[in-house]
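Peer 1: I'll drop the sequence and a predicted model, then ask my questions.
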Amino acid sequence: DAPNVCVLREYCKKGSLKDIIMNPDIKLEWVFKVSLATDLIKGLNYLHKSPIGSHGQLKSTNCLVDSRFVLKVTDFGLPTLRGAPIFSDTLESWKARLWTAPELLRKDYISTCGSAKGDIYSFGIILKELLMRSDTFYIEGSLLSPKEIVTKVRLGYPPYLRPTLDAMIISDEIAEICRKCWSELEDKRPDSSELLGLMLKFAKINSMQTTLVDNLLVRMEQYANNLEYLVEEKTEQYVEEKQRADDLLAEILPPYVADRLKKNLPVPAEAFDQVTIFSQTLLALRLCRVAQLRWKLLSF
């Protein structure tokens with residue numbers, strides 16, 4: 001109902017590409033990375049050939065990944081609804097411009113539509129992020145702030161400031177694709193169709209399966225392997241915490257009583273001719289420790 005406006009989109013369970021890149025628990029094989037990058041350029045190619053024309057705000061934070069590990073581009077279009085972006089001199093605002101092409105940074109206003117060639121520049125930054133699993137604009141040995149990086153890129157004085165490409169991680173072919181994408185001159189950057197051809201060719205050379213079914217199987221296998229690793233890690237932690245709880249119970253209670261308590265069975269009262277008085281304070285402390293361990297076990 002007016003004046004409220006809502007945009008409904010598909011829920012992508014894995015979050016953004018940035019979330020996956022910065023999550024060390026998610027293992028990304030080389031084939032997996034190239035597959036996600038190919039999804040991204042397919043989405044860009046579709047947008048560039050559509051009436052929308054360009055994305056304009058492409059970042060690794062608005063590339064979303066669904067439960068099948070398929071990357072989907074979002075946060076595009078609707079320029080009238082969005083209005084002009086509001087920029088403020090804050091750290092988050094400067095970080096948000098690290099993906100922006102230099103010619104767009106030099107404009108007096110921030111456009112929501114951007115340009116197709118500007119999207120290609122952003123793709124090059126994202127491709128480097130994904131393959132190296134590093135910060136957005138990682139420069140080896142540099143301590144430049146996001147504001148300083150954006151300012152130097154906008155000025156455009158040679159040698160042009162660009163992220164570092166690690167030859168130990170990125171092959172020469174992929175490094176060349178990144179350099180073409182973030183070329184200072186727009187005309188030197190490939191268009192989305194050419195870029196899609198380069199990525200598919202690279203995937204084929206590296207023996208990647210490119211059919212829909214095979215590609216899905218490769219993704220699901222990688223996802224299953226990652227889940228197995230996480231399950232094993234959590235199981236080890238559970239076993240360790242359970243052993244600690246059992247050891248602590250064995251210290252403060254007789255084995256017979258401890259076993260019945262662990263099985264949620266009642267402990268019948270027993271009569272003894274001689275008994276020992278246990279320190280109430282020490283008993284309370286140990287019971288608190290048992291409760292803490294029990295809470296940890298439940299959290300697993």
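Peer 2: Received, thanks. Model, not experiment: these values are computed from the prediction. Numbering: from 1, shown residues only.
Peer 1: looks to me like Leu81 is in a helix.
Peer 2: Yes. Assignment of Leu81 by DSSP: H, G, I helix; E, B strand; the rest coil places it within a helix.
Peer 1: number of residues surrounding it?
Peer 2: Leu81: 9 surrounding residues under other Cβ atoms under 10 Å. The C-beta positions use only the backbone N, C-alpha and C, and glycine is treated the same way.
Peer 1: ok, and the closest non-adjacent residue to it?
Peer 2: Distances taken as Cβ to Cβ, 6 or more residues apart in numbering place Val5 nearest to Leu81, at 6.4 Å, with adjacent residues excluded.
Peer 1: how near is the one you found to Asp119?
Peer 2: 25 Å (Cβ to Cβ, to the nearest Å).
Peer 1: same thing with Ile177?
Peer 2: From Ile177 to Asp119 the distance is 15 Å (Cβ to Cβ).
Peer 1: between the two, which has more neighbouring residues?
Peer 2: Per other Cβ under 10 Å, whichever of Ile177 and Asp119 has more neighbours is Asp119, with 28 against 22.
Peer 1: got the contact list for the more buried one?
Peer 2: Contact partners of Asp119, counting by Cβ atoms under 8 Å, 6 or more residues apart in numbering, are Leu44, Leu47, His48, Ser54, His55, Gly56, Leu58, Ser192.
Peer 1: repeat that for Asp172.
Peer 2: Contacts of Asp172 were listed using Cβ under 8 Å, 6+ apart, and none were found.
Peer 1: my guess is Arg154 contacts Leu105. True?
Peer 2: Yes. Using Cβ atoms under 8 Å, Arg154 is in contact with Leu105, at 3.9 Å.
Peer 1: can you report phi and psi for Val73?
Peer 2: Backbone torsions of Val73, given as degrees, to the nearest 10, read phi -90, psi 140.
Peer 1: not counting its neighbours along the chain, what's nearest it?
Peer 2: Spatial nearest neighbour of Val73, excluding adjacent residues (Cβ to Cβ, 6+ apart): Gly43 at 3.7 Å.
Peer 1: okay, and the one you found sits in which element?
Peer 2: Here Gly43 sits within helix 30-49, counting by DSSP states H and E.
Peer 1: what of Asp166?
Peer 2: Using DSSP H and E, Asp166 falls outside every helix and strand.
Peer 1: right, and it touches Met132 too?
Peer 2: Yes. Asp166 is in contact with Met132 according to Cβ under 8 Å; the separation is 5.8 Å.
Peer 1: who's more crowded, these two?
Peer 2: Remark: of Asp166 and Met132, Met132 carries more neighbours, 19 against 14, as counted by other Cβ under 10 Å.
Peer 1: so what's that one up against?
Peer 2: Tyr138, Leu165, Asp166, Ile169, Ile170.
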